[in-house]
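*Asks:* quick one: sequence plus predicted model below, questions after.
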Amino acid sequence: MNSMKIAIAGASGRMGRMLIEAVHNADDATLAGALDVAGTSGIGTDAAAFLGKPAGVPIESDLAKGLANAEFLIDFTRPEGTLTHLEYCAAHGIKMIIGTTGFDEAGKAAIAAAAQKTAIVFAPNMSVGVNVTMKLLEMAAKSFSHGYDIEIIEAHHRHKVDAPSGTAIKMGEVIADALGRDLKDVAVYAREGVTGERDPSSIGFATIRGGDIVGDHTVLFAGIGERIEITHKSASRVTYAHGSLRAARFLQDRKTGLYDMQDVLGLR
Ligand SMILES: NC(=O)C1=CN([C@@H]2O[C@H](COP(=O)(O)OP(=O)(O)OC[C@H]3O[C@@H](n4cnc5c(N)ncnc54)[C@H](OP(=O)(O)O)[C@@H]3O)[C@@H](O)[C@H]2O)C=CC1
Ligand SMILES: O=C(O)C1=N[C@H](C(=O)O)C[C@H](O)C1
């Protein structure tokens, strides 16, 4: 069996460390590189030192050095970092698993363009549970298409920098698609002051940030006399790391193309 040679971007980050541990524990993967931002304290240190099991892989800021031995890059960083890595990976045929959230339309278009040169899985949430929840939401949205107000509530840790979460936005898109609406037309991201009555076609978002919440998402379908809540709660980031490794396995025999976790998990 060929071991997948995987590099990790954002190696010192919350997800970066979780991914390094997951690669270390996987029978079919080898840590082949690690990237982080120039000038940060981890540069030059062993990427797996925090596990007490050095891997002989230094954290690099130079992409040519950090990706010299890599077939895959798993990237959970920030949009500007991912887009820099994307250009290099597309030029060198390195497959990407992108978990970063917070891209604007131009960033998403750049990822789609790069997927003509290399194979990419791009998803705001790599957990099996969230991706199955997306299917439940599609079914629920069709059933509750009239008479039910739809609100998406998400909660994350105090360090999260983007809002609403990429997962919440994706849930909104899935629901809007199922209802034949365009999320851009119906999303309400904030309410304050005299807002007027709720537009029945709108999809509302509410964001909570606090403590060490890993990631909670609830979609509320509120009708007259009843309400339905579909909730997913992450208790550990390990599910995102394991999903990322499934995505790498899925890309093994693909050279180009843009995929998401629905493709990886056979849920489409
Ligand atoms: N798809 C999914 O399943 C999941 C997605 N995420 C997303 O992953 C991303 C990272 O989350 P998390 O690990 O919690 O964040 P962290 O802030 O803990 O880690 C981010 C890492 O990326 C590095 N980084 C920051 N800016 C750049 C840049 N411009 N270029 C290269 N590297 C950079 C950081 O370095 P430094 O510390 O030096 O700034 C850090 O090492 C977020 O967008 C989050 O929403 C998170 C969990 C699951
Ligand atoms: O930043 C996080 O932590 C998470 N981000 C992703 C998102 O924005 O949806 C996925 C998960 O909820 C954790």
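*Replies:* Done, it's in. Ligands and ions are numbered 1, 2, ... in the order given.
*Asks:* what residues does the stretch 151-268 of the chain put near ligand 1?
*Replies:* Gly166, Tyr240 (Cβ under 6 Å from any ligand atom). (Each C-beta comes from the backbone N, C-alpha and C, glycine too.)
*Asks:* could you pull up phi and psi at Ala90?
*Replies:* In terms of degrees, to the nearest 10, the main-chain angles of Ala90 are phi -60, psi -40.
*Asks:* contacts only, for it.
*Replies:* Ala90 makes contact with Ala114, Lys117, Thr118, according to Cβ atoms under 8 Å, 6 or more residues apart in numbering.
*Asks:* measure the last one to Gly211 for me?
*Replies:* The gap separating Thr118 from Gly211 is 38 Å, by Cβ to Cβ, to the nearest Å.
*Asks:* name the element the residue lying farthest from the centre of the chain belongs to?
*Replies:* Taking Cα atoms, centre = their mean, the residue of the chain most remote from its mean C-alpha position is Gly225, at 35.7 Å. If you go by DSSP states H and E, Gly225 is not part of any helix or strand.
*Asks:* check which helix or strand whichever residue of the stretch 151-268 of the chain sits closest to ligand 1 maps to.
*Replies:* Going by Cβ to the nearest ligand atom, ligand 1 is nearest to Tyr240 of the stretch 151-268 of the chain, at 3.8 Å. Assigning secondary structure by DSSP H and E places Tyr240 in helix 238-251.
*Asks:* what's the nearest residue in space to Leu265 that is not next to it in sequence sitting at in phi/psi?
*Replies:* The shortest distance from Leu265 to any non-neighbouring residue, by Cβ to Cβ, 6 or more residues apart in numbering, is to Asn131 (5.5 Å). Backbone geometry at Asn131, expressed as degrees, to the nearest 10, gives phi -70, psi -30.
*Asks:* likewise the one 4 residues further on?
*Replies:* Summarising the backbone geometry of Lys135 under the convention degrees, to the nearest 10, its torsions are phi -70, psi -40.
*Asks:* what separation do you get for it and Val174?
*Replies:* Applying Cβ to Cβ, the value for Lys135 to Val174 is 9 Å.
*Asks:* next one: Ala90
*Replies:* 28 Å.
*Asks:* what does Asp36 give?
*Replies:* The gap separating Asp36 from Val174 is 33 Å, by Cβ to Cβ.
*Asks:* please say which of those two ends up with more neighbours.
*Replies:* Neighbours per residue (other Cβ atoms under 10 Å) separate Asp36 from Val174, with Asp36 holding more: 24 against 20.
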